[in-house]
Each structure stands twice: as structure tokens, then as C-alpha cells.
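Asker: Sharing a model that was predicted from the sequence below.
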Amino acid sequence: MKIYTKTGDQGETSLLGGERVSKTNLRIEAYGTVDELNAWVGVLRDSIDDQKAIHEQLIYIQDKLFTAGSRLATHPDNKRSFPLPEMTEEHIEMLEKAMDEMDAELPPMKNFVLPGGHAAVSHAHVCRTVCRRAERRVIALQQHEKTDEIIARYLNRLSDFFFVLSRFVALKNNVQETPWKPAK
């Protein structure tokens, strides 16, 4: 099978199930941004050394992002003949549990912190901001079409996860967080 089909040369693409839509369609924007996030999570995973548990968490998250993307790439009216993985409250609870475990080791926050100090910390912040954009794209889609509402909630919690992970990675790498001190 060839990777290129030339069917998108006129600015359209296919949803799962075959429906053709514009490449600027809100659904395409939503799952395209989730796909971008998944790529950034791969960069983050590659920038974290010697943290098997974090690597496993990030691979699990990448799997869930593929699930979210496949669900977003399927129009809800499509009576598909193939099953799609589900997203459940359990997936959100797993993020919350992971955040609680990391947060238990972190010093209390007294200020906003500036992203940076270590490549993995910066990559976690990029994941956080792309995740927020993905959440906004999904919410925009929800305002026009039916979607799985759990996806936006998952992305909301996931962006929080990336923030906590950025602080946790900083702690594990002995990186001093830089507090934001607004100029007077």
C-alpha cells in the first residue's frame, strides 16, 4: 500500500468511514492537534532519561491520544463496521492518581514558574500548551457537532498532568524552578 493517494490534493480528506471533508473542518483541526500533541509526547519521552515509570505512563498516554484521535476522526453518525477503543472515566482517574503521586514529592508552589531549565521540562511545557490547544479545538467541535464529551475532559486533565510532570522532572533532575516575578 502506498502512503500517498493524491486524494487530498484538492483540500479534502477522509474521515474514518470514508466521508470526505475539507482539511479545514473543525473535526480535522481537533484530531490533527491531538496528533500533534502525540508527536510532542514522543519528543518528551525521548528527552527523559532513566525514568522507566514515566516512559510507561507516556506510552499509555500516547495510546489514549490515538484513541481520542480515532474517535474524533469518525463522524458520530457513521455506522462503522469496525470497533473503536473507548475512553472512560478510568483514564481520567489514572491521570489524577499519577498527578497525586508526583505532587506528594513536590515542594508547594508559591509562584507561577517559567518553563525551562532542562530539555525535558521544556518539552513537558510544550506538551501542556499543545494539549490546551487540542482541548480548545475539541470544544469548538463540540459546539457544532456531537462528539465524545469525555475527550475534552481527558485533555483538560492531561494538560494538568503535563504541568505536574514538568515540575516532577525538574525535581528529579535537580533543576531549580524559575519563579515568575512580574516586572514592576
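Answerer: Looks like it arrived, so ask away.
Asker: CA atoms for contacts and neighbours, from now on please.
Answerer: Will do.
Asker: what's the burial count for K181?
Answerer: Using other C-alpha atoms under 10 Å, K181 is surrounded by 10 other residues.
Asker: how about it, what does it touch?
Answerer: By C-alpha atoms under 8 Å, 6 or more residues apart in numbering, K181 lies in contact with N111.
Asker: For the host helix or strand of I28, name the packing helices and strands.
Answerer: Here I28, judged by DSSP states H and E, is contained in helix 26-47. When contacts are defined as 3 or more C-alpha pairs under 8 Å, 6 or more residues apart in numbering; DSSP states H and E, helix 26-47 sits against helix 52-72, helix 119-142.
Asker: So which elements touch the shortest one?
Answerer: If contacts are counted by 3+ C-alpha pairs under 8 Å, 6+ apart, helix 52-72 sits against helix 26-47.
Asker: Pull out the buried positions in the helix it packs on.
Answerer: 26-38, 40-45, 47 (16 or more other C-alpha atoms under 10 Å).
Asker: roughly how far apart are the closest residue to G69 other than its chain neighbours and A39?
Answerer: In space, and not counting its chain neighbours, G69 is closest to Y31: 4.9 Å by C-alpha to C-alpha, 6 or more residues apart in numbering. Plainly put, Y31 is 12 Å away from A39 if you go by C-alpha to C-alpha, to the nearest Å.
Asker: on that earlier part again, format the helices and strands packed on helix 26-47 as a markdown table; extra columns: mean neighbour count and distance to L84.
Answerer: Shown next, in a markdown table, are the helices and strands packed on helix 26-47 (neighbours: other C-alpha atoms under 10 Å; distance: least, C-alpha to C-alpha, whole Å):
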| stretch | mean neighbour count | distance to L84 |
| --- | --- | --- |
| helix 52-72 | 17 | 7 |
| helix 119-142 | 22 | 18 |
